Structure formats: structure tokens, C-alpha cells
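J.: Sequence and predicted structure below; questions after.
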Protein chains: 2
Amino acid sequence: MTTNEIAALLLNTPASVTDMLKKLSAKELINYQPYKGARLTEQGYKHATFLVRKHRLWKVFLYQSLNIPWEAVQEIAEELEHINSELLIDHLDSFLGFPKFDPHGDPIPNAQGKYTLRAQSLLSDLSPGKQGLIIGVKDQQLSFLQYLDEKGIGIGKTVTTIKHDPYDQSMIISMDQKEINLSGKAAGLIFIKSL
Amino acid sequence: MTTNEIAALLLNTPASVTDMLKKLSAKELINYQPYKGARLTEQGYKHATFLVRKHRLWKVFLYQSLNIPWEAVQEIAEELEHINSELLIDHLDSFLGFPKFDPHGDPIPNAQGKYTLRAQSLLSDLSPGKQGLIIGVKDQQLSFLQYLDEKGIGIGKTVTTIKHDPYDQSMIISMDQKEINLSGKAAGLIFIKSL
DNA sequence: ATTATAATTTAGACTAATCTAAAATAATCA
DNA sequence: TGATTATTTTAGATTAGTCTAAATTATAAT
């Protein structure tokens, strides 16, 4: 990623990002060469993985145990993920039953930092007549998640492609004995396991 | 509390505490007059109560749900308590079954900020032959909690006073069919409900 | 291959939170 | 009650994280 992209993502200026890169470099979490970009070191990768682990485990907890609505989960998890205690996270993991995926279908690194892989394809590639199990989403913007909620689409649902429009890629799928229209854009953001 | 005492507690210098008092005063959380001390405003009291609520609910969660050992609970709870979301805390409260007391026996304010009161006395005041139920401790220093752990003393245990030494106030109590020696100091830090 | 444009970094300023040392105020005691 | 001591506050320095504007470097276009 470029300095500007990071800045846009963090809602900071590129100048601030440059400072951060220098600091991360001093801590040996990244290898950084001015104007050339940066790359995580092994140590940095471990830090990042632990952060991902914390974030996704908290998401599972907030959503599954506390029943906190979608809209609020992301924001709270971003605060919780900064609490630094391996003990806490390992106990949380155990409490939750060592989940392998978070409520968006994203894989959760285990205590050793290993991700569970699984075969996945896009709903947009599911041929007419075929069945698929929804296992995740690619985009976690609120507007998209709400769009899915409205249509009743969620992780764990089984869908069948009825029709795939060759012109605009929009799809008609069946789910829960109902037919649903889906834009090509949306279908390309939904991960499925074909059945 | 004095400026110096606050400083000692926070492990900061008195100069820093003065700065904090001025800032809290600017936010109208305390009424502060230089050299005269400070007092919480109504708004400040509400903030403080919410902080206590957060802290104690997290403690219940860490201890009861996650089985995190004593020694670690306090430190983690101090980080968690700074996450500011009423939604989160109210859901956590509900998840935990709206507990009224934390694992040390300290009362937890409800969503309206009300504490549950209960009659309590000190173990040191329990006359020989009388029974009491341990419901809390007054001091939460690690060393004291470990001292209690070693003797098997904890919240929910029923004890009977056998003997009370008039000279050094030390006590012999019976618990779980065993006799236990307790210093006068310790007995004065244990809350009981007499039975 | 030069030049123009875009991306990135540097320099310097600002704020917030802390500190030390000095000054001001309050409390204590002879 | 006046002097001494303790407490508290102020003043000024330091560090970390951010910003804007200017300078530098890389990329793209003619």
C-alpha cells in the first residue's frame, strides 16, 4: 500500500503516515526505505496477526455473546483490539470455543498465528441451478451490510442461482423459498462454498 | 483527597495532578479552587459512577466468564473500563445477568447509576460462637488477596468465630470444618453478613 | 529525454500530557 | 502570632502525535 492510501484509510495526512512509518521502522516492525515503501518484518507480521486475532475474536464476542447489532460491532471492536493481553485473548478464545471465522466469515488466527483456510468462491461465479452456502463477505462497509440485511442475506444461508443476466451481471437467486434480485456488484462481494 | 494523595495513587507528580484538576474543572466535572481542593459536580459524579460500573462489570466477566486468575483481573479491567460505550456495557450487564456485586463483593451501579446496599459488618466484629457469610473485602491489594487465597478464604464462605484474642485482636475461626488463624488486621478487612 | 504531474518526505508549528524546579499558599508548632 | 514546614501551584522544558506548507523524489506524458 502507498503512503497516501494508508493516510486516506486512517483519515490522517500523508505527512503523519511518513512519521509513523519511521517509528515502526525504528521498532523493527517494518523495513522502510524513503520513497520506496515499506514491508512488514517477521516481527511486524506477528504483531499484525495478533491484532487481527484480537479484533476478530472481539467481534465474535460482541455479536454472538452480547447480541450487539452489526452497526455497532466494528466500532467497539476497534477499541477493544488495542487492549494488550495475550492471557485475556487466549481465555476469550477458549470461552468462545476457538472459533475459526468471525461473523463476517473472515478467518481468525489461532494462538500460534495460523489461519484456517477454506475453499471459497464468489456468489457471482455460481452457475444457474447450482447451490452455495454463504460463508463471508468481501466488503464490510455499513451500507453493504445493511443492504444484505434488508434482503435477508447472511452467513449460513443456502442459495441457488436462478438466472444470471449476461448484460449487467445482476442475478436472481432463490433463498428461503423466495426469489431475490441481486446486483452484479453485490454478488461479487459475497463468498460462498459451493454445495 | 489531597493533591499529593491523588498523585501517589496515580504514580504521577503533584504538578501533573494540578493540571488534571484544572482540566476536569474546565469540563465541569469537578468544582476546583486552587489550594482548597475539589469536589465532584453532579455531572462528574455520573461520569465516575459509570466508570465504576464499567470496571466492576468487566471484573465479573473476566473472573466468572473467562476464568482469568485474580492477579490478572485488576490490571485488565483497568484497561477495559476506558472503552466508552453505554451500548456495550448495558449488553454486557445483561449477558452477565445484571450482577449486583463484583467478585470482591463491591456493589455494581445499575444502568441508572443506583447501587444496591446491604447490611454488612466486619469479621473482626463477629462474636465468638456466631456465624457469618463472607461477602466482600475492604482492601484489594494483591498481597492481601493472595493471603486470603492461601487460607482458602473467599466470597461465599461461611465462617464461625471460635476465639477472639483480646490482646492482639487476632482470631481463630472455623471454616470448612477447619480452624484458621487470622490476624486482627486481616479480620478488619473482611466484610460479612451475620447469619 | 525532458518536462510536468503526482507522491512522498522534511521542516517547523501546535496541542496534550507529563516532568522538574521554583514560587506561592496553607498548616503546624513553639 | 510569627516562623518553620508541608502542600500545592506555576513556569518552563520535554516528548509524542498530529498538522500545513515547502521541498524532494518518482512517475507519466510528450
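T.: Yep, it's here. Quantities reported herein were computed from a predicted structural model and do not represent experimental measurements.
J.: When you work out contacts or count neighbours from here on, use the C-alpha atoms and nothing else.
T.: OK.
J.: Next, the contact list for the spatially most central residue of chain A, please.
T.: Centroid-nearest residue in chain A: A:Asp106, 4.6 Å away (criterion: CA atoms, centre = their mean). A:Asp106 makes contact with A:56, A:136, according to CA atoms under 8 Å, 6 or more residues apart in numbering or on different chains.
J.: Quickly note the distance from it to chain B.
T.: Between A:Asp106 and chain B the computed distance is 22 Å (CA to the nearest CA, to the nearest Å).
J.: Let's see the pLDDT reported for that residue.
T.: pLDDT for A:Asp106: 93.
J.: how close does it sit to A:Phe98?
T.: 14 Å (CA to CA, to the nearest Å).
J.: now A:Glu75
T.: Distance of A:Glu75 to A:Phe98, given as CA to CA: 23 Å.
J.: Over to A:Val159?
T.: Counting by CA to CA, the gap from A:Val159 to A:Phe98 is 27 Å.
J.: again, but for A:Ile172
T.: Taking CA to CA as the measure, A:Ile172 falls 36 Å from A:Phe98.
J.: if we can go back for a sec, looking at A:Val159 and A:Phe98, which is more packed in?
T.: A:Val159 (26 against 16; other CA atoms under 10 Å in any protein chain shown).
J.: hang on, that one packs against A:Met175?
T.: Yes. Counting by CA atoms under 8 Å, A:Met175 is a contact partner of A:Val159 at 4.9 Å.
J.: Spell out which residues of chain A are next to DNA strand C.
T.: Contact residues (CA under 7 Å from any atom of the strand) of chain A with DNA strand C: A:2-5, A:14-19, A:33-37.
J.: Only the buried members of the residues you listed: can you turn that into a ChimeraX selection?
T.: Of these, the buried ones go into a single ChimeraX selection, burial set by 16 or more other CA atoms under 10 Å in any protein chain shown:
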select /A:3,14,17,18
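J.: so for stretch A:111-128, what's the average pLDDT?
T.: pLDDT averaged over stretch A:111-128 gives 95.
J.: What separates the first and last residues of it, distance-wise?
T.: Note: stretch A:111-128 ends 40 Å apart using CA to CA.
J.: So which bits of it are buried?
T.: Buried residues in stretch A:111-128, counting neighbours by 16+ other CA under 10 Å, are found at A:113, A:115, A:120-124, A:126.
J.: next one: that stretch to chain centre, how far?
T.: 12 Å (CA atoms, centre = their mean, to the nearest Å).
J.: what does stretch A:7-17 give?
T.: 22 Å.
J.: Average pLDDT for that stretch, rounded please.
T.: 94.
J.: Stretch A:70-79 too?
T.: Averaging pLDDT along stretch A:70-79 yields 90.
J.: Which residues does it contact?
T.: Applying CA under 8 Å, 6+ apart, the contact partners of stretch A:70-79 are A:55-56, A:58-59, A:62-63, A:142, B:83, B:85, B:88.
J.: From the residues you listed, list just the buried residues.
T.: Here, 16+ other CA under 10 Å leaves A:55-56, A:58-59, A:62-63, B:83, B:88 buried among these.
J.: Go through these and name the one nearest DNA strand D.
T.: Distance to DNA strand D, by CA to the nearest atom of the strand, is smallest for B:Ile83 among those, at 17.2 Å.
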